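Visitor: got a predicted structure here, sequence first:
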Amino acid sequence: MSLRLCLLACLVAAVCANNKDTLKATNWLSTHDLVQMPSLNDVTFEQLENMPVHEGAKLLEKFYHISHVKQELSPNFVPSASNIPVWIVKPDGQRMEAKLNNYVTKAKTLPGFGEDEVTIVLTGLPQTTSATRKAIHKLEQAYIQRYNLQEQQKYGQSQQQQQRNNQYEVTSSEERTDEWKTAKTAAGNLIIIDLGNTLTSFKRYAMLDVTATGAMIGQTLVELTNKGVPQEIIHLVGQGIAAHVAGAAGQEYTAETGHKLRRITGLDPAKLITKNRDYLVGLSRSDAEFVDVIHTSSFAMGTPIRCGDVDFYPNGPSQSAPGATNVIEATMRATRYFAESVRPGNERNFPAVVANSLKQYKQQDGFGQRAYMGIDVDYDLQGDYILEVNEKSPFGKRVSAQKQVSYHGQHRDA
Amino acid sequence: MNPLRMLCVVACLLGATLATPNGGANVHKHHFNSVASNGNPSNWVSPNEIEQLPMLKDVTLRRLEDMTSDEGATLLDRLYHLGQFNRVFQPSYTPEPSQVQGYIVGERGQKIEFNLDNFVQTVKRQPNFGNDEVTIFIQGLPQSWTQVQKANHKLVDAYVQRYNLQPYPGQQSDSSEEQTPKRRQQNQQQDDTKTGDLVVIKLGDLIQDFEQYVTLNVERIGEIIGNRLVQLTNEVNVPQEIIHLIGQGPAAHVAGIAGRQFTRQTGHKLRRITGLDAPKLYAKPESRLTGLARGDADFVDAIHTSAYGMGTQARLGDVDFYPNGPSTGVPGADNVVEASLRATRYYAESVRPGNERNFPAVAASSYEEYKQNKGYGKRAYMGFATNYDIRGDYMLQVNSKSPFGRNTPAQVQRGFHAVHEPWNNQHQQKNFA
């Protein structure tokens, strides 16, 4: 009897599903599609790394939109402060290990800490995938080079060799350039908060409570500035989902002190699969005095939503970045581009122009100011910028952005 | 698991929920917090819920008006999200410029009509156009619906009053927001030259049903209007720094794009663009950024009154106001359409001389934060007199009837200096270990 009911129900479902009207929701997402979808528990980062980009992108888009249909799925994972590893990178390139609940104290023991710039990187994925490992490494190395350039320039090539982590060979040509020899020097400290390390599963990643986690980190920043590090020298760099955590940290900091951090950079802020409906969540303009964002997988792990005062879309808003073969690589490209710009001499590797799409950019329809994506972006900018990038390192095209349409021809002289 | 068996299980669920239409939703809700099932997308939305979604052309404004705010919001949320990943909605509806009607309000309060084709020529014939402020109100919903007509009328009327576009004493006041202090009226009688120009573009009249609402080609219309503005500044010598575009509903995105188009052509930015409950963008052009955004003008402000209904909770401007916090509606609004129109009503109230500070708001990320006095940062006044320096997200309380602004100081803010000094005490209270 129940089997008959089953079959009858099947028929009903089948009949309804066969409605050819494209304006009917069942043609957008079939029962089959829905049932076929893996559970959050079953997806792994390794799987995502091994899927072709368009497949991974489609899966993520589905999770995102289906989860938001009723938005009843609330984020509930907050890593504990004693579990989040933090590396304080010393001038010689060696790491001092700490945890979120003690890194401020430890950092202050370093001579000269907090006298120039303090860059705090929040990682957004676990380093179990090679793309993530490589990207974070490149960023770290770039900052080491940037902050120790004076030393390097003094002692030349040999010093640079010593400071390189010997496990990794020079694998990208961005490191072979000679610009560093005569480049401008900058001094500072690098701290890496390895939040990604605690995201041991895709489910945890999807269920991360960015607001609570950010508040926790924001409190440590209050501690940092209360111990004498001025907030104007703090630059938070958040990768993937940690871009939103960085935004929340900035907000918490401002709530406690009334001051804003100087700058937050979002490296391909993630789509937020779970969200608390009553709160505004996610990195956004005004989380710091200046917020800049690089989007490299708007229609995959990343989001196309503008998150900053200025948003860069290399290759226009798209599923992936040139040369990236899976969604993890695509989201990590933002880190790679930013890292390249951090290397002394490379600050102008990524010229961009105001535009809404790659097509517009190519048609030389870009208008407005030129901007350089990356470390040296102009803090006065506002708007959306498009640029082209290479498939392999060096990623920046370095040539001038397409010549802008001259608008003085259109505008009548006053 | 045997696929046929799987299908049967699903079909049984379908069968069971068909028998009890609302029971199905409750059954799924019950399972939500259980660890095993809440990671499974087929528990987030059931096949039955998808089945029950009406066809797009059956979703009329009338129908949305008959549902409660929550029901309407749920329906729209589903239509929006389920339609996204297969790119079901295309921005295919592009009304002809000649079809888009509008009018300029003349010095005696009369309506001088135009359409988008002859807009600039019509303006040219107006004496003294563009001497002070130029406000262009682009309507986004059809006036055939009474609530829309009322809201639009309030906004137009408020500007007519502010700009002295009618001899004093003037109009009928049927809402208490329009009672201005007597002293103010006397002053205005002495000075009856107009202080601004109001232009109304009735784009909303061409959006007759929900399908047109979601498939409106905001890019194309925005470009056309942007081009007209370029002409306006070139041929009629109207400086762009006095132009304020106000877009209602989908017209908010149109306004943003018009601003971008203007900048593309001239290198300058319009002064201000205000979005009145801009909707989610159901139909988006492929691989292209679209919709209202910060940077479209020198200053962009947005008011969200139905973030989870017809509107969007996404931040669009330099500053975004969320009366009642991000929710399906606002107090006193019975359905999603009314809620969406409240943005127009609040803004209109603030335009009336004397009402500029009716809507004090405080920076916060949620309504709860605002109420618990956890809002921080500067105070801002939502509406006409918003300070162009503010940035961020703001929350505020509103009344369910006119006058909508509470007209009292925003909840007392947590003093910074009180917090900053004894930070130690505050810090030790929090324990994140």
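Guide: That came through, no problem. Numbering: from 1, shown residues only, chains lettered A, B, ... in the order given.
Visitor: and the strands in the chain, which stretches?
Guide: Going with chain A. Taking DSSP state E, the strands of chain A run over residues A:85-89, A:95-99, A:117-122, A:188-193, A:234-239, A:263-267, A:290-294, A:310-314, A:351-354, A:367-372, A:383-387.
Visitor: that's the other chain; I wanted chain B
Guide: So, for chain B - with DSSP E - the strands run B:101-105, B:111-115, B:134-138, B:197-201, B:243-248, B:272-276, B:299-303, B:319-323, B:360-363, B:376-381, B:392-396.
Visitor: neighbouring contacts of the fourth one?
Guide: Read it as strand B:197-201. Residues outside strand B:197-201 that contact it (Cβ atoms under 8 Å, 6 or more residues apart in numbering or on different chains): B:100-105, B:116, B:123, B:126, B:129-130, B:132-139, B:152, B:156, B:159-160, B:163, B:165, B:225, B:251. Every residue, glycine included, has its C-beta placed from N, CA and C.
Visitor: pull the CA atoms of that strand into PDB?
Guide: C-alpha atoms of strand B:197-201 as PDB (Å, rounded to 0.1, in the frame of the first residue of the first chain):
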ATOM      1  CA  ASP B 197      13.800  72.300  -9.200                       C
ATOM      2  CA  LEU B 198      11.900  69.100  -9.000                       C
ATOM      3  CA  VAL B 199      11.800  66.600 -11.900                       C
ATOM      4  CA  VAL B 200       9.800  63.400 -11.700                       C
ATOM      5  CA  ILE B 201      10.500  60.500 -14.000                       C
END
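Visitor: what's around residue 197, how many residues?
Guide: Using chain A here. 17 (other Cβ atoms under 10 Å in any protein chain shown).
Visitor: wait, chain B was what I had in mind.
Guide: 26.
Visitor: bridged to it, which residues?
Guide: B:D197 forms beta bridges with B:V134, as assigned by DSSP bridges.
Visitor: just give the closest residue to the residue most central in space within chain B, not the sequence neighbours.
Guide: In chain B, the C-alpha nearest the mean C-alpha coordinate belongs to B:D277, at 1.2 Å (Cα atoms, centre = their mean). Excluding its sequence neighbours, the residue lying closest to B:D277 (Cβ to Cβ, 6 or more residues apart in numbering or on different chains) is B:A343, at 3.9 Å.
Visitor: just checking, the one you found touches B:G309?
Guide: No: applying Cβ atoms under 8 Å, one finds B:A343 not in contact with B:G309, separated by 11.4 Å.
Visitor: give the burial count for residue 95, as a bare number.
Guide: Here I'm looking at chain A. 15.
Visitor: meant chain B actually
Guide: The burial count for B:P95: 18, using other Cβ under 10 Å.
Visitor: tell me how far it lies from A:Q239.
Guide: Using Cβ to Cβ, to the nearest Å, one gets 44 Å for the distance from B:P95 to A:Q239.
Visitor: likewise B:S402?
Guide: 48 Å.
Visitor: which of those two has more residues huddled nearby?
Guide: Between B:S402 and A:Q239, counted using other Cβ under 10 Å, the more crowded position is A:Q239 (30 against 17).
Visitor: how about the contacts made by A:I217?
Guide: Counting by Cβ under 8 Å, 6+ apart, A:I217 touches A:100, A:122, A:193, A:245-246, A:248-249, A:252.
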